[in-house]
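A.B. asks: Following is a predicted model, sequence given first.
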Number of protein chains: 2
Amino acid sequence: MAPAPEAVRKTIEAYITAVTTGTVDEILALYAPGATVEDPVGSGVRDTEESIREFYGVVAGMKQTGEIYTIRIAGSSAAFHFRITTEAGDQKVQITPIDVMTFDDDAKITSMRAFWGQEDMETL
Amino acid sequence: MAPAPEAVRKTIEAYITAVTTGTVDEILALYAPGATVEDPVGSGVRDTEESIREFYGVVAGMKQTGEIYTIRIAGSSAAFHFRITTEAGDQKVQITPIDVMTFDDDAKITSMRAFWGQEDMETL
């Protein structure tokens, strides 16, 4: 059975909060065991907890803000458009991907795929 | 080799034009042989030309307008957010999905998956 749309929405909101202001453990707690991460799409799939930890470890220490623009939910899958802005010295780098996630019955993330290219990353 | 981002963008723009104002043949011409369509995600995959023709045949005769809000391209895949507004008598029905497509080297569509739920369809 697919999770309730409201549960999926809560997980996505918690994900953006965790990615921008949380720890790697807080991010990983939103994932189901055996989950996969592909960011950006085409760059190869991370399918071990170690490799997913490594991926989020890069951003977890940075000063970031985030904003969800829109979420589309279809059963146990969702696509959402958002921005993450990272402060790097006196510059800000903003990225605005569309992520696609799948979820288990408890609305834990079973896969994440991020659609973006170089043109979706800008220095402010 | 992945198609150029500009070629992917052109196919997506041609797709929205064809879906809103074109014929089923014009829509199908943007697809590669053997392509699949899942709309909405979770409703089952159409994997024959006949079943894809049937799907687009439903909307091809309707009076529609469309607008692409944003496109994210990652190699040979893309996600895009758009609206399609259909006139049905004196009402208008607006749907605002996020579609994910994959493309072959010639930027023909090899798969389409549409993320939306009932809450993304509104009567104007």
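C.D. replies: Received the coordinates, thanks.
A.B. asks: State the distance from the residue in chain A sticking out farthest from the centre to residue A:123.
C.D. replies: Within chain A, residue A:90 marks the point farthest from the mean C-alpha position, 24.9 Å out by Cα atoms, centre = their mean. Distance, residue A:90 to residue A:123, by Cβ to Cβ, to the nearest Å: 11 Å. Heads up, the C-betas are built off the backbone N, CA and C, glycines and all.
A.B. asks: can you confirm residue A:87 is in a strand?
C.D. replies: Yes: counting by DSSP: H, G, I helix; E, B strand; the rest coil, one finds residue A:87 located in a strand.
A.B. asks: so what's it up against?
C.D. replies: Shown in contact with residue A:87 (Cβ atoms under 8 Å, 6 or more residues apart in numbering or on different chains): A:62-64.
A.B. asks: try residue A:24
C.D. replies: Residue A:24 makes contact with A:53, A:56-57, A:60 under the criterion Cβ under 8 Å, 6+ apart.
A.B. asks: Helix or strand: which one has the closest residue in space to residue A:1 that isn't next to it in sequence?
C.D. replies: Once flanking residues are discounted, residue A:1 sits nearest to residue A:105: 5.8 Å by Cβ to Cβ, 6 or more residues apart in numbering or on different chains. Per DSSP states H and E: residue A:105 is located in neither a helix nor a strand.
A.B. asks: For residue A:105, grab phi and psi.
C.D. replies: phi -60, psi -20 (degrees, to the nearest 10).
A.B. asks: Can you tell me which residues in chain A are near chain B?
C.D. replies: Proximity of chain A to chain B (Cβ under 8 Å from any Cβ of the partner chain) is limited to residues A:2, A:5, A:40-42, A:70, A:72-81, A:96-98, A:100, A:114-117, A:119-120.
A.B. asks: Could you list which of those residues belong to helices?
C.D. replies: Among the residues of chain A next to chain B, the members falling in helices (DSSP state H) are residue A:5.
A.B. asks: Filter the residues of chain A next to chain B down to just the ones in strands.
C.D. replies: Judged by DSSP state E, the subset of the residues of chain A next to chain B located in strands is A:70, A:72-74, A:77-81, A:98, A:100, A:114-115.
A.B. asks: List buried members of those by neighbour count.
C.D. replies: A:72-74, A:77-81, A:98, A:100, A:114-115 (16 or more other Cβ atoms under 10 Å in any protein chain shown).
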